[in-house]
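1. What follows is a predicted protein model with its sequence.
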Amino acid sequence: MPRTATIDLFKESMKFSAGHFTIFSATERENLHGHNFTLRVRITGVVDDNGMLFDYRATKRRLIALCAAWNETLLLPERSPHLRLDTSDPAEVRARFGDELLRFLPRDVTLLPVVNVTLEELSRLIGERLAVDPEVGGDPTILAMVVEVASGPGQRIAWRWSRAGEGP
């Protein structure tokens, strides 16, 4: 029986401070605010003949780069049925929610392919990116993964993937 192990990637640099607002319905949203988000990833797989689960250095670098790219930006959902985004003007990003028009500088905005900027959607987005990464989900010796995103102490969501079960 092959030996398995789980690596827990939870580095100080795997964090980002970002603004957002949660959309509850076509008529209700939170006010714009921010969080100091943290990211934690656990990857389980078969230990190879060299005594390693996998070379996780590139995965760590990708996660740290993602956090750096999202840091100090406003995260907006591209797929929300209740928020209309207009990026046609190079001077501003316009977000229309009901009768509200919000304007932001493009350099301050990160558009994400999600329906809402929630812990559930952020953990899924990061997890699905890892699941299709050739060095993680594409590696047949990787068996499972848990991606956790927290918006502060005591509030964390976990997205789970398993080669044997559901995936992206």
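-> That came through fine. Values in this document were obtained by computation on a predicted structure and should not be read as measured data. Residues are numbered from 1 along each chain as shown.
2. Tell me the buried residues in the helix or strand containing A144?
-> With secondary structure defined by DSSP states H and E, A144 is part of strand 142-152. Of the residues in strand 142-152, those buried by neighbour count under the rule 16 or more other Cβ atoms under 10 Å are 142-151. Where you see a C-beta, it was placed from the backbone N, CA and C, and this is true even at glycine.
3. From the residues you listed, pick the one nearest P134.
-> Ranking the buried residues of strand 142-152 by separation from P134, with Cβ to Cβ as the measure, puts I142 on top at 10.6 Å.
4. what's near enough to touch that closest one?
-> Each residue near I142 by Cβ atoms under 8 Å, 6 or more residues apart in numbering is listed here: 43-45, 54, 136, 163.
5. hmm, back to that, now the buried residues of strand 142-152 in JSON lines, please, with extra columns for distance to R107 and pLDDT.
-> As requested, the buried residues of strand 142-152 are exported to JSON lines (distance: Cβ to Cβ, whole Å; pLDDT from 0 to 100):
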{"residue": "I142", "distance to R107": "36", "pLDDT": "94"}
{"residue": "L143", "distance to R107": "40", "pLDDT": "96"}
{"residue": "A144", "distance to R107": "38", "pLDDT": "96"}
{"residue": "M145", "distance to R107": "32", "pLDDT": "96"}
{"residue": "V146", "distance to R107": "33", "pLDDT": "98"}
{"residue": "V147", "distance to R107": "27", "pLDDT": "98"}
{"residue": "E148", "distance to R107": "29", "pLDDT": "98"}
{"residue": "V149", "distance to R107": "24", "pLDDT": "99"}
{"residue": "A150", "distance to R107": "26", "pLDDT": "98"}
{"residue": "S151", "distance to R107": "23", "pLDDT": "97"}
